[in-house]
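Colleague: for reference, the sequence and a predicted model appear below.
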Amino acid sequence: MKRTFGWNLKRAIEKFGFTPTELPPNATHECGKLYWNGYWQKFYKVLKINENDILNHVTVEWEDGTTTTHCTKLDTGRDWMLTPATAI
């Protein structure tokens, strides 16, 4: 069964022209990629991944411009990878 978008994700798709893609079961963060956080209901861009520790800390820039570092893995049941709209 295909997943559906929540209201906030639908708004982000309409506003920014994102194309959301479901994540595979073993998905991990990739530098430079955009993701939708299903828990916080906002998107972020991965700036840096520190793989030199057990927790794999990820530094991200949230849609409001704030930058944080966390070690939360992707939730493949709620999160999405976002592809930004391209200029024609």
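Modeller: Looks like it arrived, so ask away. Numbers count the residues shown, from 1 in each chain.
Colleague: what secondary structure does the residue positioned nearest the centre of the chain sit in?
Modeller: Per C-alpha atoms, centre = their mean, the C-alpha nearest to the average position across the chain is that of residue 35, at 1.3 Å. Secondary structure assignment for residue 35 (DSSP: H, G, I helix; E, B strand; the rest coil): strand.
Colleague: so what's it bridging to?
Modeller: residue 44, residue 81 (DSSP bridges).
Colleague: cool, and residue 58?
Modeller: Under the criterion used (DSSP bridges), residue 58 bridges to residue 49, residue 70.
Colleague: would you map the strands across the protein?
Modeller: 19-22, 34-37, 42-50, 57-62, 67-70, 80-83 (DSSP state E).
Colleague: make TSV out of those and add mean pLDDT and distance to residue 11.
Modeller: For glycine as for every other residue, the C-beta is placed from the backbone atoms N, C-alpha and C. Formatted as TSV, these follow (pLDDT from 0 to 100; distance: least, C-beta to C-beta, whole Å):
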stretch	mean pLDDT	distance to residue 11
strand 19-22	96	12
strand 34-37	97	11
strand 42-50	95	11
strand 57-62	95	16
strand 67-70	94	22
strand 80-83	97	13
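Colleague: out of these, nearest to residue 28?
Modeller: Closest to residue 28 of the strands of the chain, according to C-beta to C-beta: strand 42-50, at 8.5 Å.
Colleague: list the buried ones in that closest one?
Modeller: 43-46 (16 or more other C-beta atoms under 10 Å).
Colleague: residue 66: which of those residues is nearest?
Modeller: Out of these, the member with the shortest distance to residue 66 (by C-beta to C-beta) is residue 44, at 9.3 Å.
Colleague: go ahead and confirm that closest one touches residue 32.
Modeller: No - in this structure residue 44 lies outside contact range of residue 32 using C-beta atoms under 8 Å: 11.8 Å.
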